[in-house]
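Asks: Give the three-dimensional model of this entry:
(one chain, ligands or ions: 2)
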Amino acid sequence: MMIGVPKEVKNNENRVGMTPAGVTAFLNHGHEVWIETGAGSGSGFTDQDYTEAGAKIVSSAKMAWSADMVIKVKEPLPEEYGYFREGLILYTYLHLAPEPELTKALVDNKVVAIAYETIQLDNGTLPLLMPMSEVAGRMSIQIGAQFLEKSRGGKGVLLGGVPGVAPAEVVVVGGGIVGANAAKMALGLGASVTLLDINADRLRQLDDQFQGRLKTLMSNSYNIAVTVKKADLLVGAVLIPGARAPRLVTEEMVKSMQPGSVIVDVAIDQGGSIETIDRITTHSEPTYVKHGVVHYAVANMPGAVARTSAIALTNVTIPYGIQIANKGYKQAALENKALAKGMNVMDGKVVYKAVAEAHGYAYVPMDSFLTNQDVHV
Ligand SMILES: NC(=O)C1=CN([C@@H]2O[C@H](COP(=O)(O)OP(=O)(O)OC[C@H]3O[C@@H](n4cnc5c(N)ncnc54)[C@H](O)[C@@H]3O)[C@@H](O)[C@H]2O)C=CC1
Ligand SMILES: CC(=O)C(=O)O
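Replies: Numbers count the residues shown, from 1 in each chain. Ligands and ions are numbered 1, 2, ... in the order given. As a prediction, this is how the structure comes out:
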């Protein structure tokens, strides 16, 4: 199969969908890889690194997109929709629930759209989201620490405090991979950290993991309101896989925060979990102030630490990519239930329930599709 890797076009997205190690892996299985010139430069990989690994460097995005399967990092932007065509396999982060236009473009053009973030193991974990959630969770605290500085619009609070001065209050809503990594960093810096989740077992696990240093609370609107009010730094880290993020922090709650407090809504890629976050921000303009509170809502946080992130991401995406290339997407999905859950759009149908519900499409279950039984919509 011919695999294409275009250069990312999102603001300050420096990651690349395949490293030279990935090229060699695909070649070892008899496939061919076309890399758009410069695609790896933001992650520290030169065209020469790719040619030495066996890839062909192509001069335009159009050529990379002409491959049988396109491997990317971020969801395509409108200027890339023109490359969509029937039967193209697109393997990347998609986050379709908050993206009606992208969903429509994939459906209308009958693209086979496989989303990294919905590939899910039987134990519920999301192996292709996990490494980027680890990165973003850790980054959320260093970003929050920066914007708490007075010169960056914050209230002038040091996360760890100093002897004789109380540490900052960090509140994390959602205790999955992002939440646990945020808690780990914040505790490491000496902050006072409270984490809320709806999953009592997860709270037990985190309580154990952090040996009582982390305050855990059941997530409900009462507890969220009480904790948000005293937060110097609030991190949004909830996820319902594939679905739009629930808006758990209301405008009233944000108004109750002290001026100069900071919100980092990591869940913005699924639409955001804070009511006052009304736009996605970018690495070049990462924040805006509303009700005196600094809001950060960058949907590709790991793009800022592209070298670490590109390697961590491709470590987990390439093995599934090879299965798709070796077997074809239908057979690969039939043989691998986790991969089947990554299928979001196929042959003009939405095959991921939460995405179909988000945009009012008929939901066509994957199973009937893969076994070629009659599909009733
Ligand atoms: N902005 C960015 O650059 C990045 C964003 N993300 C996003 O961060 C979000 C979180 O990802 P993960 O931690 O990997 O997900 P996860 O699935 O590991 O954790 C989500 C947690 O949210 C909890 N949750 C669900 N509903 C809740 C509620 N009402 N109240 C409190 N907790 C609730 C779940 O129980 C779970 O523990 C996702 O939207 C993900 O796509 C991840 C990486 C980068
Ligand atoms: C998860 C995601 O969307 C990202 O790493 O950019």
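
Asks: And the residue of this protein that's closest to ligand 2?
Replies: Nearest residue of the chain to ligand 2 (CB to the nearest ligand atom) works out as M132 at 3.4 Å. Using the backbone N, CA and C atoms, a C-beta is placed for each residue, glycine as well.

Asks: could you say what helices and strands the host helix or strand of that residue packs with?
Replies: Take DSSP states H and E as the rule and M132 turns out to sit in helix 130-147. Helix 130-147 sits against helix 177-188, strand 233-236, strand 262-265, strand 293-296, helix 306-327, with contacts defined as 3 or more CB pairs under 8 Å, 6 or more residues apart in numbering; DSSP states H and E.

Asks: Mean neighbour count for these - can I get that in CSV?
Replies: Output for those, formatted as CSV (neighbours: other CB atoms under 10 Å):
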stretch, mean neighbour count
helix 177-188, 24
strand 233-236, 30
strand 262-265, 29
strand 293-296, 24
helix 306-327, 20
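
Asks: Reformat these as a markdown table; add mean pLDDT and distance to E101.
Replies: What follows is these, written out as a markdown table (pLDDT from 0 to 100; distance: least, CB to CB, whole Å):
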| stretch | mean pLDDT | distance to E101 |
| --- | --- | --- |
| helix 177-188 | 98 | 26 |
| strand 233-236 | 98 | 24 |
| strand 262-265 | 98 | 21 |
| strand 293-296 | 98 | 24 |
| helix 306-327 | 98 | 25 |
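
Asks: Distance to ligand 1 added to these, as a markdown table?
Replies: As requested, those are exported to a markdown table (distance: least, CB to the nearest ligand atom, whole Å):
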| stretch | distance to ligand 1 |
| --- | --- |
| helix 177-188 | 3 |
| strand 233-236 | 8 |
| strand 262-265 | 8 |
| strand 293-296 | 10 |
| helix 306-327 | 9 |
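
Asks: residues in contact with stretch 181-188?
Replies: 133-134, 136-138, 140-142, 159, 170, 172, 175, 193, 195, 206, 210, 213-214, 233, 235, 237, 266 (CB atoms under 8 Å, 6 or more residues apart in numbering).

Asks: was I right about the residue of the chain closest to ligand 2 contacting N315?
Replies: No: with contact defined as CB atoms under 8 Å, M132 does not reach N315; the gap is 11.3 Å.

Asks: of all the residues in the stretch 251-377 of the chain, which ones are close to ligand 1?
Replies: Residues of the stretch 251-377 of the chain that fall close to ligand 1, judged by CB under 6 Å from any ligand atom: V266, A267, I268, D269, Q270, A299, N300, M301, P302.

Asks: before we move on, the earlier item: what number of residues are in the vicinity of the closest residue to the residue of the chain closest to ligand 2 other than its chain neighbours?
Replies: Leaving aside its chain neighbours, M132 sits nearest to P302 (4.8 Å; criterion: CB to CB, 6 or more residues apart in numbering). Close neighbours of P302, defined as other CB atoms under 10 Å, add up to 24.

Asks: Enumerate every residue touching P302.
Replies: Taking CB under 8 Å, 6+ apart, one finds R15, M132, V135, A136, M139, T308, S309, L313 in contact with P302.

Asks: Mind jotting down where the helices sit in the stretch 1-150 of the chain?
Replies: 20-28, 47-53, 61-65, 100-108, 130-147 (DSSP state H, counting those that start in this stretch).

Asks: Buried deepest among those, which one?
Replies: Compared across the helices of the stretch 1-150 of the chain, helix 130-147 shows the largest average neighbour count, a mean of 22 (mean count of other CB atoms under 10 Å).
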